[in-house]
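Novice: Okay, predicted coordinates and the sequence, questions at the end:
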Amino acid sequence: MAKTLKSSGTKNWGGSRPGAGRKPTAATTKLLKKNLSETAFAAYEATQRTPEARSWIYMPTVTPKQELTAYDRIELLRRSRWFYNNVGFAARAIDAPARYSLPLKPHAATRDREWNRFATQAFHDACGTAAFGVDVGGEVNFFEAQPFILRQVAIDGDIFWQKMLSRSGRGMFRLIGGECIGSTTYLPDLTQSKGWIDGVLPDKFGKAVAFNVIDAEDPKKSVIVSADDLNQVRRFYRRGYLRSPGWLARASNHLADISEILFYAKTSFKLNQQIAFVVTSPESQNIGLGSKRVTESMNDLGNVQVDTLYNTSGSVRLKPGEDIKSFRNETKNDNFEEFLNYLARDVAWGMGIAPELLWDITKAGGANTRYVLEDANYFFKECQAILREQFCRPFWTYWVWQEIEAGRLEHPGEDWWRVHFIGPKAPSTDIGRDGNLYLSLVNNGLLSRKRWFSMQGLDVDKEMADMIDEAAELKRKCAAAGIKVSDIIPPAPGSAQKEDLEPDQEESQGVQNHPVQHP
């Protein structure tokens, strides 16, 4: 028989849990009011601000928009430019990604194939040849601009390009360095200066709506340009950052150390070559550091008398007790190369790329080298994504629409803006091995020809059209010369081309010359 529970007249808001509904005791209240340093993560060692053996990490703000100040960004920009100009390793770290990952070639991808070919060719003719056809400054064409922009992003942190129009209404761009975007006290409309952060005016969601472009010759002059006309290219650092530091920001101190260490090492080697001999004397103890220094003997040591002999040769005249020895630099550090390797590895990893690709790949084995290149390919794809989505695709859309508006291109439909970009072939250490693998995948239907051509940096439509045209032209010329195609291109061993078979051979091999009707 079930037991009936009756109310005891007291409120038990927490249910049947032990202690539920009870009034907290004095000890519990005291515990809850204790300092946060004794509770939860505040007791975690990493949150201790002043450990005995570690200094306090100074981080004045964690607000992303205020974390990277204009002063810090400009200082990092100066250092990065100096390193790029003077340190070969820094230049390699910047130039290598731009060399391997770019340029990207656009190909229209609408449903109209004929329009795609015409629009793609028109773009290449107008923007991919002479620089003055696309760049207002006349420095680079569309393909040359891509590695140029990526290098600027890597060094300065960001670069800007503005949409422009030529006199005939063609789309063009103007490149503006990141040093020309900033906040000044000379904004044209001071009532709008509120909310500006390092030359960027964000909306309430953090999206840039305008930029302040400073005159390079007169910093007092500036103009506000809408973000619809001025595009920013950068590698996003963290959520909320309006500007980004250069890729060498993390490596700034290490690169300075490398340059200083090499300077001291070179100075030591130079001294070794400049000083041929040294004169030793038992009186050297009298000119050492400290209270025993004898200043009167400095002149004697600084002047070495030489007896001139026949044919301008000479012999050093030594004082009694002195001796002359060949100078030999004994300065040596067995950890010199190892320490430089550590700094170089940290610089490379700070950028996001394997150090073997930038510093020294001789110690990597076959499997390790393939891993390094595979890891580098992912980094190159990230570089391609930056340029594709922040420069190439927006400019393609802008240029094509201006051509449609001017009547030089027909409107192909609602998908007029569709385009895909083909990058250069990815680096490989064993092209024969990789080639046989991809060829096997294509022949077995596991990889499309379009994807394979794209991996080689080629356009499938153009390549297939060229193959068809080449085959048709070869057959036409062979027929005109009265020879067979197999005379030029022999068939594979064990096979025969159809045009070389006699009628009885075709029938024996199941070749039908007339349609077969099935019931």
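Specialist: Received the coordinates, thanks. Numbers count the residues shown, from 1 in each chain.

Novice: Excluding sequence neighbours, find me the nearest residue to Ser226.
Specialist: Nearest non-adjacent residue to Ser226, counting by CB to CB, 6 or more residues apart in numbering: Ala210, 5.6 Å away. C-beta: built from backbone N, CA, C; applies to glycine.

Novice: so Phe173 touches Ala131, yeah?
Specialist: No. Using CB atoms under 8 Å, Phe173 is not in contact with Ala131, being 11.0 Å away.

Novice: just for this protein, where's the confidence low?
Specialist: 1-55, 185-193, 275-276, 283-316, 327-334, 365-366, 429-432, 492-519 (pLDDT under 70).

Novice: In terms of residue numbering, what are the domains of it?
Specialist: Annotated domains of the chain cover 63-247+369-427, 277-326 [automatic domain parsing].

Novice: and stretch 132-139, which residues are buried?
Specialist: By neighbour count on 16 or more other CB atoms under 10 Å, the buried set for stretch 132-139 is 133-136.

Novice: which among these gets closest to Ala109?
Specialist: Using CB to CB, Val134 is the member of the buried residues of stretch 132-139 that sits closest to Ala109, with 21.0 Å.

Novice: Next, work out how far apart that closest one and Trp401 are.
Specialist: Counting by CB to CB, to the nearest Å, the separation of Val134 from Trp401 is 15 Å.

Novice: can you check Asp112 too?
Specialist: Taken as CB to CB, the span from Asp112 to Trp401 is 16 Å.

Novice: same check, this time on Val372
Specialist: For Val372 relative to Trp401 (CB to CB), the value is 42 Å.

Novice: higher neighbour count, the two?
Specialist: Under the criterion of other CB atoms under 10 Å, the comparison of Val372 against Trp401 puts Val372 first, with 19 against 15.

Novice: Measure how far the one helix or strand the more buried one maps to is from the centre of its chain, please.
Specialist: Val372 is located in helix 366-387, with elements delineated by DSSP states H and E. Centroid displacement of helix 366-387 relative to its chain, using CA atoms, centre = their mean, to the nearest Å, is 11 Å.

Novice: Same question for stretch 144-157.
Specialist: When C-alpha coordinates are averaged (CA atoms, centre = their mean), stretch 144-157 and its chain have centres 9 Å apart.

Novice: ditto for stretch 194-205
Specialist: For stretch 194-205, the separation from the chain centroid amounts to 27 Å (computed by CA atoms, centre = their mean).

Novice: Assumed Phe205 was part of a helix.
Specialist: No. According to DSSP: H, G, I helix; E, B strand; the rest coil, Phe205 belongs to no helix; its state is coil.

Novice: In which helix or strand does the residue nearest to Ser226 reside?
Specialist: Ala210 is part of strand 208-214 when elements are defined by DSSP H and E.

Novice: Neighbouring strands of whichever helix or strand comes after that strand in the sheet, and parallel or not?
Specialist: Following strand 208-214 in sequence order, the next helix or strand is strand 222-226 (DSSP H and E). Note on strand 222-226: by DSSP bridges, its sheet partners are strand 208-214 (antiparallel).
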